[in-house]
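# Model the structure of this input:
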Amino acid sequence: REFLLANRDMGCLPVALSLLASFQSAVAILGVPAEIFRFGTEYWFLGCSYFLGLLIPAHIFIPVFYRLRITSTYEYLELRFNKTVRVLGTITFIFQMVIYMGVVLYAPALALNAVTGFDLWSAVLTMGLVCTLYTTLGGLKAVIWTDVFQTLVM
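From the prediction side, this is the model:
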């Protein structure tokens with residue numbers, strides 16, 4: 001409970017800032033300005049769709065999860081359907097995250113390499129090890145507070 005849920009005692013502001021940092025990866029920070037430069041303000045439509053796409057789950061799904069006292073959508077999949085659906089959803093998410101993490105680690109390492117000359121693959125490995133270490137030692141609280149710091153820096 002402490003490691004995965006931070007004892008359910010984190011305040012609203014740190015959790016909100018952590019969620020904000022989660023949606024703003026290094027890929028977005030590095031890629032969005034280039035996208036807007038190349039294609040213009042049509043990127044604005046994506047921002048509008050995010051706004052709508054976040055309002056609907058916040059008002060429909062989150063209250064259901066809160067009332068059921070579940071901690072993940074996978075628990076809901078098992079309650080609603082069966083364990084097979086939960087496992088398939090989990091496998092799909094893990095596959096997607098492995099690919100995403102590769103990009104998310106590579107993008108800032110590439111920027112670090114371009115600015116400092118630090119070896120590209122050493123940067124990828126160092127960032128991955130540091131993040132794994134503080135997450136392992138501190139659990140969700142460490143992740144939330146790191147995200148708060150990241151949001152303030154951004």
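
# which regions of the chain lie under the pLDDT threshold?
1-9 (pLDDT under 70).

# Apply 50 and report the result again.
Judged against pLDDT under 50, the chain has no low-scoring part.

# can you give me the strands in the protein?
Assigned by DSSP state E, the chain shows no strands.

# From the centroid of it, which residue is nearest?
Ser22 (3.5 Å; C-alpha atoms, centre = their mean).

# From what I see, that one and Thr146 are in contact.
No - counting by C-beta atoms under 8 Å, Ser22 sits too far from Thr146 to count as a contact (10.9 Å). (C-beta placed from N, C-alpha, C; glycine too.)

# From Leu125, how far off is the residue lying farthest from the centre of the chain?
In the chain, counting by C-alpha atoms, centre = their mean, Gly117 sits farthest out from the average C-alpha position, at 27.6 Å. Distance, Gly117 to Leu125, by C-beta to C-beta, to the nearest Å: 16 Å.

# so what's the residue farthest from the centre of the chain up against?
Neighbour list for Gly117: empty [criterion: C-beta atoms under 8 Å, 6 or more residues apart in numbering].

# Thanks a lot, catch you later.
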